[in-house]
Structures are given as structure tokens and as C-alpha cells.
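S.K.: Structure, please.
(chains A and B)
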2 protein chains.
Amino acid sequence: MQIAILVYPGFTSLDIIGPYEILGRLPGTEVVLVGGAKGLMTNDLGALSIDVPATFEDVPAPDVVLVGGGPGQVHQMADGRLHEWLRAADATSAWTTSVCTGSLILAGAGLLKGRRATSHWLALEQLPQYGVTPAHERVVIDGHYATAAGVSSGIDMALKLAGELTDDDVARTIQLIVEYAPEPPYAAGSLDTASPTVVNLAKARLSGRFADS
Amino acid sequence: MQIAILVYPGFTSLDIIGPYEILGRLPGTEVVLVGGAKGLMTNDLGALSIDVPATFEDVPAPDVVLVGGGPGQVHQMADGRLHEWLRAADATSAWTTSVCTGSLILAGAGLLKGRRATSHWLALEQLPQYGVTPAHERVVIDGHYATAAGVSSGIDMALKLAGELTDDDVARTIQLIVEYAPEPPYAAGSLDTASPTVVNLAKARLSGRFADS
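M.R.: A predicted model of the protein is given here:
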């Protein structure tokens, strides 16, 4: 089984590394980082540069496609070559998946039309313009599409996917290996639980970063 | 504020990327990936190569030191140059921290002697040989040491640290930005909740990977 993880300049690192840490442990699985060009690509926060060893042409038919988000996502919304690769890969993939604003990239390629999907809480309202029904849920599965909410939610999505791709005990074993029994020290991780003060602080920090291209 | 994150061949990616995604969003903070040599270093699972832009000599006095784990950790237990850097950095750091078997590296450098600390559940029993009291807890703070349990626990540790380094609302804002409201689809993330079958599967998968050097 081949899992292709998209990397582009300005990616959010946990969006892709969270799922990679889970899916990369599935038996008999090859993970390949793929981008528009080979070489180093730097993340949104600037301190992490990842080597991208494969271009779209090198990975024409992965079993699983994973598209993460990040402020660099806005530059991927009109990328014809990326969209062509996504549509072709999606035609044969077992699962096409996204984390955070990665769902906007999938939607921009026309892949989620008529589907329910999720995204970062601040980007959800951008989904309808692509004919996608936004769902304020952490993980949404509709057909062979699995979309996750913001950044850290990719871990939950990947564990669910691990169970679908193999079986529950394989997924549980990976969960124990990465000791995923979260104990957040605060309860502000969702719009439903964060205070208005924190929501406003977050919106100010993210202002313009998820804007439409 | 400068945060130094150690990278070495065979690192576990989520160990360092989880905390980076949190701590890298602290205001006025520079994160630097540091290693024994500059250049690309590949993770334990093999698909991720990270560019390490700085050596120990380039980062002599970081405010926060973060050491992740991974099977590559066993090769760091007798590295005199790494241990010297850790001891020198720890002498002036505000916080010296670890995720997963990173605590074994800190302990091997003599930094946790007489302290309580945690580690990956399968590595906890290795701590006493370094004079460290093992604690089966997700995040342990003792003095200016913060240690986290396996892999994904670094996210919880980093959020706690974010609150200590700034204030609770800054930490909560980062939690909301990365939408950290976990919903694990299984309840097998801890020795306390995983079934004996899953524990045995995990032990078999990890056999020899956290072994003493």
C-alpha cells in the first residue's frame, strides 16, 4: 500500500506529521512525500525544512492521498498541475484525505463536490463556495473521502483510517505505540469550549492566513 | 527566547513536531533544530528527512532544550559531545525537556539524577539505572525539567510549558489555533486502558527498539 503525503511551501507541519506517525506504522505500507518539485520545502513557522523526494509524476496512483493545510494552502488553490494530479490520484485511490485547510485544496480541485467535509474551524465557511457541505466535526467520512478539522485532528482521522485500512486491533496497537491518551492541560481546543477572549485572540493571530486566494 | 530541538538519525517525528507546532507559535520565539552535524537526518520510519541547520556549537545557550525519542536514541546514549552540550545548555536553560525516550538521553547525560521523570511506557523501567524515579504519568515537571511520556504526549507537555513560559490565555489560544480537542477513535492509548492483546502486539512491534545500548 502506498500513501502519498502532499508537501508544499508554507505547510503546517503537524497537519502531515500527525497522520504520518500513525499511517507510517501500518504493516506493508510505503509513505512517500510528494510535491510540485523535489527538494527542501519550508513550513509556515519557518524552522522546519523537509526534503521532498518525489514529484507528482513519480506517484501517479497512490492508495491513500493525504493533503495537509497551512497558510501556504492559498497558493495551491489555482495550481492546475496539483489539481490534475489530485483528480487523477483520486480516481483510483482507496482514500483521499485532508487535514485542516487541506480540504480547501481538495475542494478547489472539485473532489468534494456534493460531499460533507470538515476543515479548520476558521475555514469551514469557505467550503460551500466549492459545493461542499461544511460539518463542524473533528473527522468526517463521506464516501472514500476522510477530512479532519484543524492541525492536531489529523491524528484522530489517521487512527480511524488505520482501522478502516486494516482492523481495530492494528489501529489500537499503533495508538498504544504512540501513547495517544491525550490529556490537554486546557479545554480551549474547540470553538465549543474556548472562551470568547481566546476565540478573538486566535482569530487575530490567524487573520489573513486562511484567506481566499 | 530561543528553543533548541535536538534532531538525530532515527528520531521519531511526532516526538519533536508535536511540541514544535505548539512552542513555535509562542510570541517572540525562535526555534532552531540542532544536531551533531548539519544536513539531512532521516526519521525512524524512513520517509521523512529533515534539514538540520545548526550544530551544538551554534546553539550554546538556548532558553528551552527539547529532546525527543525514537529507536535512534540508543545511539545517543554514549555520545560525549551531545552529553556535554546538554549539560552546558541545561546549566543556563529555563527549561530542559524531553518526549518519549528523550528522557533516557537526558538521564544518560546525568541531568535527571534524583528527579521524577516519565518516558515511553516501555522505557520507564530503564530510568532507575540513571538514578531517576520513573513516574507513570503523561507529563512530569520536576524543577526546570519537563518530561513527557510516549510520542504524542509531547503536545500536552508543550501546552503546559507554553502556559508556564507566557500565560494561560496565550497557551489556550495556541490550543485553539491547532484545534487540539482530541477525540481518539479508540481507547488503547495507555497501558491502563489497552487490552492485554494490544499490549502484547505493541511489545512485539517495539521489541528491541528501545533496548539499552
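S.K.: Whether the stretch of helix or strand A:I50 belongs to contacts chain B - can you check?
M.R.: Per DSSP states H and E: A:I50 is located in strand A:49-52. Yes: Strand A:49-52 comes into contact with chain B (Cβ under 8 Å from any Cβ of the partner chain), by way of A:49-51. Just so you know, the C-beta spots here come from the backbone N, C-alpha and C atoms, and that holds for glycine as well.
S.K.: okay if I get these as a markdown table plus distance to A:A109?
M.R.: Putting the residues of strand A:49-52 next to chain B into a markdown table (distance: Cβ to Cβ, whole Å) gives the following:
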| residue | distance to A:A109 |
| --- | --- |
| A:S49 | 26 |
| A:I50 | 22 |
| A:D51 | 25 |
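S.K.: Out of those, grab the one that's most surrounded.
M.R.: Within the residues of strand A:49-52 next to chain B, neighbour counts (other Cβ atoms under 10 Å in any protein chain shown) peak at A:I50, which reaches 24 neighbours.
S.K.: for the residue nearest to A:S93 when sequence neighbours are not counted, phi and psi?
M.R.: For A:S93, ignoring the flanking residues on the chain, the nearest one in space by Cβ to Cβ, 6 or more residues apart in numbering or on different chains is A:V65 at 5.2 Å. For A:V65, the backbone dihedrals (degrees, to the nearest 10) come out as phi -110, psi 130.
S.K.: thought A:V65 was touching A:A4?
M.R.: Yes: at 5.4 Å, A:V65 and A:A4 qualify as touching, with contact defined as Cβ atoms under 8 Å.
S.K.: So for the two, which sits in the more crowded spot?
M.R.: Counted by other Cβ under 10 Å, A:V65 and A:A4 do not tie: A:V65 has more neighbours, with 28 against 24.
S.K.: Distance-wise, check that one relative to A:A146.
M.R.: A:V65 is 10 Å from A:A146, where distance means Cβ to Cβ, to the nearest Å.
S.K.: what's the answer for A:R81, then?
M.R.: From A:R81 to A:A146 the distance is 24 Å (Cβ to Cβ).
S.K.: So between these two, which is more surrounded?
M.R.: Between A:R81 and A:A146, counted using other Cβ under 10 Å, A:A146 has the larger neighbour count: 26 against 11.
S.K.: which residues are contacting the helix or strand containing the more buried one?
M.R.: In this assignment (DSSP H and E), A:A146 forms part of strand A:145-148. Applying Cβ atoms under 8 Å, 6 or more residues apart in numbering or on different chains, the contact partners of strand A:145-148 are A:95-100, A:102-103, A:106, A:111-112, A:115, A:117-119, A:138-140, A:154, A:156-157, A:160-161.
S.K.: In strands only, show me those residues.
M.R.: Per DSSP state E, strands hold the following members of those: A:95-99, A:117, A:139-140.
S.K.: In contact with the residue positioned nearest the centre of chain A: list those residues for me.
M.R.: Closest residue to the average C-alpha location of chain A: A:V99 at 2.2 Å, with Cα atoms, centre = their mean. The neighbours of A:V99, taking Cβ under 8 Å, 6+ apart as the test, are A:15-16, A:18-19, A:66-69, A:147-148, A:151, A:153-154, A:157.
S.K.: partners of it in the sheet?
M.R.: Beta-bridge pairing of A:V99 under DSSP bridges involves A:A148.
S.K.: From B:A47, how far off is it?
M.R.: For A:V99 relative to B:A47 (Cβ to Cβ), the value is 17 Å.
S.K.: A:G28 too?
M.R.: Taking Cβ to Cβ, one finds A:G28 at 14 Å from B:A47.
S.K.: tell me, what's touching A:V65 and A:A146 both at once?
M.R.: What both A:V65 and A:A146 touch, as defined by Cβ under 8 Å, 6+ apart, is the set A:95-97.
S.K.: buried stuff in stretch A:170-187?
M.R.: A:170-186 (16 or more other Cβ atoms under 10 Å in any protein chain shown).
S.K.: Just the ones of these in strands?
M.R.: Within those, no residue falls in strands by DSSP E.
S.K.: and those residues near chain B, which?
M.R.: Applying Cβ under 8 Å from any Cβ to the buried residues of stretch A:170-187, one finds that A:170-173, A:175-186 fall near chain B.
S.K.: May I ask you to confirm that A:A202 is in contact with B:V170?
M.R.: No: applying Cβ under 8 Å, one finds A:A202 not in contact with B:V170, separated by 10.6 Å.
S.K.: So what's the residue count around A:G110?
M.R.: Using other Cβ under 10 Å, A:G110 is surrounded by 14 other residues.
S.K.: Tell me the spatial nearest neighbour of it, not counting adjacent residues.
M.R.: Using Cβ to Cβ, 6+ apart and skipping residues adjacent in sequence, the residue nearest A:G110 is A:R87, 6.9 Å away.
S.K.: how near is the one you found to chain B?
M.R.: 24 Å (Cβ to the nearest Cβ, to the nearest Å).
S.K.: in the helix or strand harbouring that residue, what's buried?
M.R.: Using DSSP H and E, A:R87 sits in helix A:80-92. Using 16+ other Cβ under 10 Å as the test for burial, helix A:80-92 gives A:82-83, A:85-86, A:89-90.
S.K.: Could you do stretch A:152-171 as well?
M.R.: A:152-163, A:165-166, A:170-171.
S.K.: List the contacts of the closest residue to A:I16 other than its chain neighbours.
M.R.: Among residues not flanking A:I16 along the chain, A:G68 sits closest, at 4.1 Å (Cβ to Cβ, 6+ apart). Taking Cβ under 8 Å, 6+ apart as the contact definition, A:G68 lies against A:5-6, A:11-12, A:15-16, A:19, A:98-100, A:102, A:154.
S.K.: Check A:F56 too.
M.R.: Applying Cβ under 8 Å, 6+ apart, one finds that A:F56 lies in contact with A:34-36, A:81-82, A:85.
S.K.: Where does the prediction get shaky in chain A?
M.R.: Along chain A, segments meeting pLDDT under 70 span A:211-213.
S.K.: Which residue, neighbours along the chain excluded, lies closest to A:E125?
M.R.: Nearest residue to A:E125, sequence neighbours excluded (Cβ to Cβ, 6+ apart): A:P134, at 6.8 Å.
S.K.: my bad, should have said A:G10
M.R.: Excluding the flanking residues, the one nearest A:G10 by Cβ to Cβ, 6+ apart is A:G72, at 2.0 Å.
S.K.: For the residue nearest to A:E125, give the beta-bridge partners.
M.R.: Beta-bridge partners of A:P134, counted by DSSP bridges, are A:A117.
S.K.: I appreciate the help and will end here.
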